[in-house]
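Q: Next one to model:
(chains A and B)
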Amino acid sequence: MLLNLRKYYRPRSIEAVIRLLSANPGRCAVLAGGTHLLAVPRQDVEEVVDISSLKLKSVKQENGNIRIGATTTLQSILNSPRLRKVAGGIVEEACRRSSVSRMIRNQRTLGGEICGNWKRSDLGPVLLALRARVKLVNFSMEEKEFPISDFWSMLAPRPGKRGLGQGVPGLVLEIVIPTPVPTSSAAFGHVAQIESQPSLISGAAILEFGDDNQCHEARVAVSCFTDSPCRLPQLEANLQGKMLTRELIASSCSIGWEDFRPITDSRATANYRRVVAPVLVRRLLDRCLAEGSH
Amino acid sequence: MKLSITLNGEERQFEVAANITLLSLLRNEAGCFSVKHGCESGECGACAVILDGRIVNSCILLAAQADEREVLTVEGLPWVMRNLRAASFQGKEPAEENPVARPSGDPVEVISASRSSFQNPDAFSREDLPSGYETLHPIQQAFVDTHAIQCGYCTPGMILSILTLFAEKGLIELPSAKRRMRTASIRKKLKSKARPPSEQEIRDSLAGNLCRCTGYVKPVQAVRQAAEKLLL
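A: Down below sits the predicted model:
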């Protein structure tokens, strides 16, 4: 509920959106699905710019990349046959997990998920493990593309930072996912009190195997940590270039957690998340190993 | 701000403040009291409406977002019934009244539900139905027949969720004031591919509708019964 909302705009061009956002940076917010913006009472928003008329709802495949428009809803992603085949369907699985309610999935957009719910989103670790990039147009009308981890570091709160939309430096146009190599296997998982509740922690793992059955590249990401979904570089380095076994995975999963600070909220404590995270990651890697090695 | 919304097949004009939600507009301005005021945060699904064929929570949607779009609530089910082309209704009988006029299109095949197949005579008589209803929608009737309604607060949201599930499964076609209905041949082709939803699909569809009376078994039975009757 936006208590002080006075103006609603629904422009049809990106230029108009940027102009409106630049005119009132501290009070004007981007409205896509509205599931984050309107779900809690807010007094700081005086104007909203509805971007639903911008024709950013699409899922395209181009030059080995899948390009998903920023206002594509999670239900559309879930229904997309193209995305169902990518990385064992982990994008679809994460979308389904993001909300059990079809109503919410019909409203919630991918752009909103990475800009408004990026710390706790189930899609966060999946996009990170898939090395997704974010394409946006900045306030000078220049198109830029960033790795999603860099994008999230721009959103991290800093003293003196102004503006709504969590400090997004422009308007997100699309999310670009490189198609994983065919010899890779992927898994997504989560821990929740009950299925209908938001995840306490979620994670995604992708292992790329070579012809020699060795792990050429490992990418593991988890959510519900203080800053943003994060990769586990020490764990990944411990797996790369090796012939994977369940024992190696089990021993690797216990290292590299010292620097990570999970959140405490009404659903679980940081200590609980700290204990559960390595177990979740080990199970994900075991699944990848079972599916991927030959 | 001025809004033009096609509500239950009828184009309506509203003048509201920018921060008014679609839920407030429907209840306070349009008199659609089937749309319930629940959590106001998109958690419970009591405020569900169908917006351009997709089920959404009206509490987390600004009324302005529905401008120049189509909204369907349970109050619109008589309109849906009159436009319903589900040729699978048991006991086809021609409708006595003409359906709602369409902007353009092919001649419309008019098939109304046989009251005997959907209505339990012990539970309802035609006189008991609200104004505008010739008969209950098969989904509504199935909810009555299976005693799936307790306090009834979540029921309108559940019925709309199931309506979109059935439309997705090809069991029914949701009418639109702006779009032509499918031709009879396309409907026949789609119907041949239609299949009843599985229990998992029904439960997935109802996952966003919280029942405060905790009744989650009977609505599933109701949906199965309605699907069977629509496929007959």
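Q: Up against chain B, what does chain A have?
A: A:1-8, A:10, A:31, A:34-35, A:38-40, A:48, A:50, A:52, A:75, A:99-104, A:106-107, A:196 (C-beta under 8 Å from any C-beta of the partner chain). Where C-beta positions appear, they are placed from N, C-alpha and C, glycine not excepted.
Q: And the buried ones among these, selectable in PyMOL?
A: The PyMOL command for the buried members of the residues of chain A next to chain B (criterion: 16 or more other C-beta atoms under 10 Å in any protein chain shown) is given here:
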select buried, chain A and resi 1+2+5+7+8+10+31+34+35+38+39+48+50+52+75+99+100+101+102+103+104+106+107
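Q: which ones among the residues of chain A next to chain B are found in helices?
A: Among the residues of chain A next to chain B, the ones falling in helices (DSSP state H) are A:75, A:102, A:103, A:104, A:106, A:107.
Q: Helices of chain B, residue ranges please.
A: B:22-24, B:77-83, B:115-118, B:138-145, B:155-169, B:184-193, B:199-206, B:218-231.
Q: now swap in the stretch 151-294 of chain A and tell me
A: With helices called from DSSP state H, counting those that start in this stretch, the stretch 151-294 of chain A shows them at A:233-239, A:246-252, A:270-292.
Q: Mean neighbour count and mean pLDDT for these - can I get that in TSV?
A: Listed next are those as TSV, based on neighbours: other C-beta atoms under 10 Å in any protein chain shown; pLDDT from 0 to 100:
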stretch	mean neighbour count	mean pLDDT
helix A:233-239	18	92
helix A:246-252	16	93
helix A:270-292	19	92
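Q: what about residue A:242, neighbour count?
A: Using other C-beta atoms under 10 Å in any protein chain shown, residue A:242 has 13 other residues around it.
Q: Apart from its neighbours in sequence, what residue is nearest it?
A: Nearest residue to residue A:242, sequence neighbours excluded (C-beta to C-beta, 6 or more residues apart in numbering or on different chains): residue A:215, at 5.9 Å.
Q: May I have the beta-bridge partners of that neighbour?
A: Per DSSP bridges, the residues bridged to residue A:215 are residue A:209, residue A:242.
Q: Residue A:156 reaches residue A:228, doesn't it?
A: Yes. Here residue A:156 reaches residue A:228: they are 6.8 Å apart, a contact under C-beta atoms under 8 Å.
Q: Now do the shared contacts for those two.
A: Common contacts of residue A:156 and residue A:228 (C-beta atoms under 8 Å, 6 or more residues apart in numbering or on different chains): none found.
Q: Show me which of the two is the more surrounded one.
A: Neighbours of residue A:156 and residue A:228, each counted by other C-beta under 10 Å, are more numerous for residue A:228; the result is 21 against 14.
Q: What separation do you get for the more buried one and residue A:153?
A: Using C-beta to C-beta, to the nearest Å, residue A:228 is found at 7 Å from residue A:153.
Q: Over to residue B:79?
A: In terms of C-beta to C-beta, residue B:79 sits 51 Å off from residue A:153.
Q: Neighbour count for these two, which is higher?
A: Shown here are residue B:79 and residue A:153; by other C-beta under 10 Å, residue B:79 has more neighbours (19 against 13).
Q: do you know how far that one is from chain A?
A: From residue B:79 across to chain A, the span is 22 Å (C-beta to the nearest C-beta, to the nearest Å).
Q: Leaving out the residues flanking it, which one is nearest to the closest residue to chain B within the stretch 151-294 of chain A?
A: Nearest residue of the stretch 151-294 of chain A to chain B (C-beta to the nearest C-beta) works out as residue A:196 at 6.5 Å. Computed as C-beta to C-beta, 6+ apart, the closest residue to residue A:196 that is not its neighbour in sequence is residue A:100, at 4.8 Å.
Q: How many residues are close by residue A:140?
A: 9.
Q: In three-state terms, label it for me.
A: coil (DSSP: H, G, I helix; E, B strand; the rest coil).
Q: Check whether the residue of the stretch 151-294 of chain A closest to chain B really touches residue B:208, as I assumed.
A: No. Checked against C-beta under 8 Å, the pair residue A:196 and residue B:208 is beyond contact range at 9.1 Å.
Q: which residues are common contacts for those two?
A: Contacts common to residue A:196 and residue B:208, judged by C-beta under 8 Å, 6+ apart, are residue A:100.
Q: Please report how far the residue of chain B found nearest chain A lies from residue B:160.
A: Distances between chain B and chain A by C-beta to the nearest C-beta are smallest at residue B:208, namely 2.8 Å. Distance of residue B:208 to residue B:160, computed by C-beta to C-beta: 11 Å.
Q: hey, what's in contact with both of these two?
A: B:48, B:55.
Q: any weak-confidence spans in the stretch 151-294 of chain A?
A: A:157-166, A:293-294 (pLDDT under 70).
Q: Chain A: strands as residue ranges?
A: With strands called from DSSP state E, chain A shows them at A:7-9, A:28-31, A:47-50, A:59-62, A:65-69, A:133-137, A:143-147, A:171-178, A:184-191, A:201-209, A:215-222, A:230-231.
Q: Please name the strands paired to the fifth one in the sheet, noting orientation.
A: Meaning strand A:65-69. Partners of strand A:65-69 in its sheet, by DSSP bridges: strand A:59-62 (antiparallel), strand A:171-178 (antiparallel).
Q: And the last one, how far out from the chain middle?
A: This points to strand A:171-178. 11 Å (C-alpha atoms, centre = their mean, to the nearest Å).
Q: Compute the inter-axis angle for that strand and strand A:133-137.
A: 150 degrees (axes from the mean of the first three to the mean of the last three C-alpha atoms, to 10 degrees).
Q: what does strand A:171-178 contact?
A: Contacts of strand A:171-178 (C-beta under 8 Å, 6+ apart): A:14, A:17-18, A:21, A:30, A:51, A:56, A:64-70, A:86, A:91, A:110-111, A:114-115, A:127, A:130-137, A:143, A:145, A:148.
Q: Now do the contacts for the residue nearest the centre of chain A.
A: With distances taken as C-alpha atoms, centre = their mean, residue A:124 lies nearest the centre of chain A, 2.4 Å away. By C-beta under 8 Å, 6+ apart, the contact list for residue A:124 reads A:114, A:118, A:202, A:221, A:223, A:228, A:229.
Q: Please repeat the previous calculation with a cut-off of 6 Å.
A: A:118, A:223, A:229 (C-beta atoms under 6 Å, 6 or more residues apart in numbering or on different chains).
Q: Please, a PyMOL command that selects the buried ones among those residues?
A: In PyMOL, a selection of the buried entries from the contacts of residue A:124 looks like this (16+ other C-beta under 10 Å):
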select buried, chain A and resi 118+223+229
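Q: Show me which of the contacts of residue A:124 is closest to residue B:177.
A: residue A:118 (39.0 Å; C-beta to C-beta).
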